[in-house]
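> build the 3D model from these lines:
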Amino acid sequence: MKSDKLSFEKIEIIDVGSKGNSICKNSEGKVIIVKNGVPGDIIDVKTYKKRKKFFLGKIEKFHKYSDKRVQPKCTHFGVCGGCKWQNISYNEQVKFKENKIKHLFNDYNLDNKVNKIIKSENQFYYRNKVEFSFTHNRWLTEDEIKGDKSIKDKRGVGFHLSGMWNKVVDIQECFLQSDPSNKIRTYLKSFAIKNEISFYNPKLNRGSLRTMMIRNNSKGEFMVIIQFCTNDKTTINLVMDFLKNSFTEIKSLGYIINKKLNDSIYDQDVVIFSGREYIEEKISNLKFRIYPKSFFQTNIDQTIKLYKVVKKFANLNGNELVYDLYCGLGTISQFIAHDSKKVIGIESVNDAVISAKDSSNLNNIKNIEFIVGDMRNILDDELFTKYGKPDLVITDPPRDGMHKSVVFQLLKIMPKQIIYVSCNPSTQKRDLDLLLDKYKIKIIQPIDMFPHTDHVENVVLLKLKI
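Below is the predicted model:
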């Protein structure tokens, strides 16, 4: 027997891992990573690959199911790339996330400075943006393969298979976004098949329908952006007229011609076919215009809670100069502007800065200035001379965290407080390791923005050491 092909019987899953995986150990201490297990399950496992410190395995049999286990709501669970914790009760999910933060920051000796995680009231239909892919050759389930080997029509619209970007799972019903999101997807699929409109083939980079982005706001208004691979006006008009005439909820309808080998739209031109260029969302009494390329938090209810945490941590008295790094659409900037002397928002994406300026004018906020530029280059002495050194820095970087040069600039100017918002606590911890030379952690607040996933948002308040 090869060293990577081993069998273990009646071992217990002891913890959750990343990307929907779970962790178990045998009596000799060998670590095995499996999918779709829940801590407390007793299982038989067969390994199929050996890594340096662990094995990858497949569950062969369940001897006992964990009391933390629930029946997944979605029929696509375990195949599609999302909602990988749907088989774990929600209360246990948030416990795992809270413990993840406590474990990650354990070496800081925080003495109960990690607040209880803020739960999401809605565990389903909480996203305001989803992106679906069209495929000429959808992923077939094991049951389909065993049942009917003569399946001819393999067209589908859905999400990418976990870990396989070139494979798409055809989704019948998704519980991430409120209706009519499911109808828009399924009706368009049926319409395209009926009218013999081709679906995308990534290997050949051809096929008319490529992707569909659906955004919505709390008022029930929708934005739909279709990516076409070919500039066939007859097909484009046919598809767009169908969507326009079928769904009155669509207030912004547009399309993109994308002939590249990737689906990114940020370097593409968006053509508005009907309606507005944007949909509008409210946070508290503030209005924000969301355009096709805008980055906007995808769980609006939890976003409001997140911003309230930031505002509470800031404890502003109206005299502070605040820098909001990686500000995106300037949502946090505007949320705290009324309580600040002045806010400087910095963002690298020009379209986002244009939107930020647009919304601040819409909200009649006068004490904000937005700057476009790469954070590594723009956060320098010239900037501080022009605007002054900040009393407070709010930073909400992408998953990769802050560049070292940005961290060193913060250590150089030494604002009294730093509020670090992160969607990736691991890179946040890496940056904090550097910042803690001059700062101390006052409080940590995890927030669950994405139920049924292992992702957790984390907010850390840092104060300058005296």
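
> hey, where'd the strands end up in the stretch 51-200 of the chain?
55-64, 129-135, 156-161, 164-170 (DSSP state E, counting those that start in this stretch).

> tell me the buried residues in the longest one?
The one in question is strand 55-64. Of the residues in strand 55-64, 55-57, 59 count as buried by neighbour count, 16 or more other C-beta atoms under 10 Å. Using the backbone N, CA and C atoms, a C-beta is placed for each residue, glycine as well.

> just how off-centre is it within its chain?
29 Å (C-alpha atoms, centre = their mean, to the nearest Å).

> just the CA coordinates for that strand, please, in PDB.
The C-alpha coordinates for strand 55-64 follow below in PDB (Å, rounded to 0.1, in the frame of the first residue of the first chain):
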ATOM      1  CA  PHE A  55      -3.200  13.800   4.900                       C
ATOM      2  CA  LEU A  56      -6.100  14.600   2.600                       C
ATOM      3  CA  GLY A  57      -8.900  12.100   3.000                       C
ATOM      4  CA  LYS A  58     -12.400  11.100   2.000                       C
ATOM      5  CA  ILE A  59     -15.100  10.100   4.400                       C
ATOM      6  CA  GLU A  60     -16.100   6.500   3.700                       C
ATOM      7  CA  LYS A  61     -18.600   5.900   6.500                       C
ATOM      8  CA  PHE A  62     -20.300   7.700   9.400                       C
ATOM      9  CA  HIS A  63     -20.600   5.700  12.600                       C
ATOM     10  CA  LYS A  64     -22.100   8.600  14.600                       C
END
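
> quick check: mean pLDDT of it?
Mean per-residue pLDDT for strand 55-64: 96.

> helices and strands around it, which ones?
Judged by 3 or more C-beta pairs under 8 Å, 6 or more residues apart in numbering; DSSP states H and E, strand 55-64 is in contact with strand 7-16, strand 31-35, strand 42-50.

> same question for the last one.
Strand 164-170 sits against strand 129-135, strand 156-161, with contacts defined as 3+ C-beta pairs under 8 Å, 6+ apart.

> just the shortest one next, same as before
Of the remaining helices and strands, those touching strand 156-161 by 3+ C-beta pairs under 8 Å, 6+ apart are strand 129-135, strand 164-170, helix 181-194.

> okay, the angle between it and strand 129-135?
Using axes from the mean of the first three to the mean of the last three C-alpha atoms, to 10 degrees, the direction of strand 156-161 lies 110 degrees away from that of strand 129-135.

> hang on, the earlier thing: residue 325: which of the helices and strands packed on strand 164-170 is closest?
strand 129-135 (23.1 Å; C-beta to C-beta).

> work out the gap between the closest one and the centre of the chain.
14 Å.

> distance between the helix or strand where residue 361 lies and the chain's centre?
Using DSSP states H and E, residue 361 maps to helix 350-362. Taking C-alpha atoms, centre = their mean, one finds helix 350-362 lying 22 Å from the centre of the chain it belongs to.

> also stretch 35-53?
27 Å.

> do the same with stretch 129-137
17 Å.

> among the helices and strands packed on strand 55-64, which comes closest to residue 244?
strand 31-35 (41.4 Å).

> got the angle for that closest one vs strand 42-50?
Using the same axes, to 10 degrees: strand 31-35 against strand 42-50 is 100 degrees.
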